[in-house]
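In: just the structure for this:
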Amino acid sequence: MQYISKYESPLGEILLSADDVGITGLWFVDQKYFALNLDRENEEIETDLLQSAKRWLDVYFDGQNPNFDVPLHLVGSDFQKEVWEVLCTIPYGNVITYGEIANILAKRNGLKRMSAQAVGGAVGHNPISIIVPCHRVVGSNGSLTGYAGGITRKKYLLEHEHVDMKKLFIPKKGTAL
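Out: As a prediction, this is how the structure comes out:
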C-alpha cells in the first residue's frame, strides 16, 4: 500500500508518496511522468515518512541543505536505481554532467564506456525529484536540459542552491524543453 500527501512548494504543488519502506515518489503536479508507478490504490494520510519528507522540503526551501536523510524506496530497473544512487551523491550546490555519470557507472561496472543518453533516460524518470537531485545534472555544454519538472524549475532549484550559473544556460530549442 502506498500513502500520499500534498505539499505546497514555492514552485507549485507537489505530490508525495511513500510505502512502509520509504518515500516512493515526489512529483510536481504538472510534471512529465507525474505519479508514474504510483499504486492505483493509495491512501491520503500523513505517515511519519511523509511528515519527514515534508520537514526535509521545508528546510530545503528555507534555503538550507537538509542535514538529515529521508528513507527512500527507489522503484525502477537495476540500471535506473544505479543512476539514481549516483544522483544521491551529488553535493548540494554542485552539478554534474550526464557524461560524468556515465563514466562513473562504466568504471564501477568495469566497462570501457556507457551511454550518456541512457543515463539521461534514467535521470529523466527519477521518481523522487529534489530529494534525489536530478536537477543537479546538466549537459556537457552547460545546457539545463532534461528536467521532468520543467527547465524553469530546474533553474530555480540550482539558483536556490547558489550554483554558479555563469557557464549554464537554458537551450533555445530542443526536445527536452
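
In: can you give me the helices in the protein?
Out: When assigned using DSSP state H, the helices of the chain occupy the ranges 48-61, 78-87, 98-108, 116-124, 151-160.

In: quick one: list the elements packing against the fourth one.
Out: Spelled out, that is helix 116-124. Contact here means 3 or more Cβ pairs under 8 Å, 6 or more residues apart in numbering; DSSP states H and E; on that basis helix 116-124 packs against helix 78-87, helix 98-108. Quick note: C-beta positions are derived from backbone N, CA and C, even for glycine.

In: quick one, which of those helices is nearest to N37?
Out: N37 lies closest to helix 78-87 among these, at 10.7 Å (Cβ to Cβ).

In: adding mean pLDDT, write the helices and strands packed on helix 116-124 out as JSON lines.
Out: Written out in JSON lines, the entries for these read as follows (pLDDT from 0 to 100):
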{"stretch": "helix 78-87", "mean pLDDT": "98"}
{"stretch": "helix 98-108", "mean pLDDT": "97"}
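
In: could I get those as a markdown table with mean neighbour count and distance to R40?
Out: As requested, the helices and strands packed on helix 116-124 are exported to a markdown table (neighbours: other Cβ atoms under 10 Å; distance: least, Cβ to Cβ, whole Å):
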| stretch | mean neighbour count | distance to R40 |
| --- | --- | --- |
| helix 78-87 | 18 | 21 |
| helix 98-108 | 18 | 32 |
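
In: thanks a lot, see you next time.
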